[in-house]
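>>> Quick one, what's the 3D model for this:
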Amino acid sequence: MRQPNGAVVFRTTCDDPATSWAEDLRALLRVPANRYFNFAHSGAKTTDVLTTSPYTNGCGAVSQQARTQIADAVAVLQNNLSRAGSANVAVTTAGINNTNWVTVAGNLVSRQLGLGGAPAWAVANAAACTDYVLGNPNGSPGAPGGLGAAVPPAWDGQARAGAITADVAQIAIRLITADPGAQVRHLLYYKWNNDPYIPPACVAVAQRSTDLLNGWISLGIVVAQIQWATAGFNPNRIGVGCAQTWLLGPQNVQMTLTSSGIPNNMQVPGWPHPSMAGRADLAACVDRLLPRAQGGGVA
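Numbering: from 1, shown residues only. Presented below is the predicted three-dimensional model:
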C-alpha cells in the first residue's frame with residue numbers, strides 16, 4: 001500500500017495499483033505512468049467486472065460509480081487504439097472470487113491454528129481433505145456417516161465453473177473488440193508450497209483446486225479465441241498463462257494473516273496475496289507471453 005507521504009509499505013490493502021503485479025508489468029514494458037490504467041478491485045467476481053456499478057470492495061470503499069470495470073477498460077482501449085509496433089496490453093485476472101474458496105481456505109487455516117473451522121476429520125490425511133474440499137459421493141471413512149454417506153463439497157467451484165468460463169470468454173472478447181490491435185492476456189492463479197497456515201494434509205487438494213480453476217479459466221480463453229478467429233481476426237492476440245508454482249511460498253506470498261489499522265483496510269486478510277517478489281515474478285512471466293515488434297514494442 002502507499003502511505004500518505006508516498007512511501008510504499010508492502011502490507012495488504014484494497015485497490016492499490018501501485019503495488020499490483022500489473023504495475024511491475026508496466027515498468028517492464030516501459031509504459032509511462034500516465035498510460036497505465038488499472039480498474040481492478042479487491043474481491044471482484046467476473047460478474048462484477050462485467051455488470052457491477054457501483055462496486056464496493058472488501059474494505060468498504062465504493063468505486064465504479066459511473067460504469068463497470070469492463071466499460072472503463074473498453075473506453076480506454078477505444079480512445080487509445082494500438083499502433084503498428086506499439087500494441088496496447090490489456091491484462092486480467094479473475095475467477096476465484098466467484099467461488100467460496102476464501103471461506104473454505106479460512107476454515108482450513110482456522111483448523112490448523114486450533115480455532116475450529118473445518119472439521120477435524122477433514123485434515124486427518126490427504127484423502128480426507130480432498131473429500132472435504134471437493135466432495136465424494138461415496139463418502140469418506142472419517143466423515144459423519146462414513147463410507148456410503150455422500151460428502152458434499154465444501155468448495156463450490158464445480159458449481160460455478162460454467163459461469164466462470166463464460167465470463168472469462170466475454171471479458172476477453174469485449175477487450176479485444178474494443179481494440180483489435182491489442183494484446184489481451186489473462187493471468188492464471190499461482191500455487192505455492194511451504195505454507196505454515198494450511199494443514200499439511202490439505203496442500204495437495206489446495207493445489208488441485210487451483211488447477212481446476214485455471215482449467216475453467218483457460219477454457220474460457222479458448223472459447224474467446226475460437227469466437228475471434230470465427231470473426232476473421234487473429235486469435236493469437238488473446239492468451240492465457242503463468243500458472244506459477246512457487247516451491248518456497250513465503251518468498252513469494254504474503255504470510256501475514258491480517259494487516260489491521262491501515263486506511264482502506266479494515267482487517268483485510270494479507271494472505272495469500274503475492275509479495276513484492278511474487279508480483280515481480282508474475283509480471284516477468286506475463287511479459288514473456290507478449291510478442292515483440294522489431295523496434296522492441298509489443299507487436
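>>> Hmm, residue 111 is touching residue 117, no?
Yes. Here residue 111 lies in contact with residue 117, judged by CB atoms under 8 Å, at a distance of 4.2 Å. In short, each C-beta sits where N, CA and C put it, glycine included.
>>> Please, where are all the helices along the stretch 51-200 of the chain?
69-79, 101-112, 126-134, 157-178 (DSSP state H, counting those that start in this stretch).
>>> Taking helix 126-134 as reference, get the angle to the second one.
When you say that, I think you mean helix 101-112. Angle of helix 101-112 versus helix 126-134, following axes from the mean of the first three to the mean of the last three CA atoms, to 10 degrees, is 140 degrees.
>>> how far does helix 101-112 sit from the chain's center?
Here helix 101-112 is found 18 Å from its chain centre; the criterion is CA atoms, centre = their mean, to the nearest Å.
>>> hmm, back to that, distance to residue 255 added to the helices of the stretch 51-200 of the chain, as TSV?
Shown next, in TSV, are the helices of the stretch 51-200 of the chain (distance: least, CB to CB, whole Å):
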stretch	distance to residue 255
helix 69-79	29
helix 101-112	11
helix 126-134	20
helix 157-178	24
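>>> Least confident secondary structure element in the protein?
Within the chain, no helix or strand scores below helix 249-252, which has a mean of 84 by mean pLDDT, DSSP states H and E.
>>> what does the helix or strand just after it rub up against?
Sequence-wise, the next helix or strand downstream of helix 249-252 (DSSP states H and E) is helix 276-288. Residues from elsewhere that reach helix 276-288, judged by CB atoms under 8 Å, 6 or more residues apart in numbering: 10, 19-25, 27-29, 91, 185, 187, 190, 241-242, 244, 246, 251-253, 274.
>>> cutoff 6 Å now
The contact list for helix 276-288 (CB atoms under 6 Å, 6 or more residues apart in numbering) reads 10, 21, 24, 25, 28, 185, 242, 251, 252, 253.
>>> Residue 125 versus the fifth one, what's the distance?
Taking CB to CB, to the nearest Å as the measure, residue 28 and residue 125 are separated by 43 Å.
>>> Same question for the least confident helix or strand of the chain: list its buried residues.
Under the neighbour-count criterion of 16 or more other CB atoms under 10 Å, helix 249-252 has 249, 252 buried.
>>> roughly how far is it from the heart of the chain?
When distances are taken as CA atoms, centre = their mean, helix 249-252 is centred 17 Å away from the chain's centroid.
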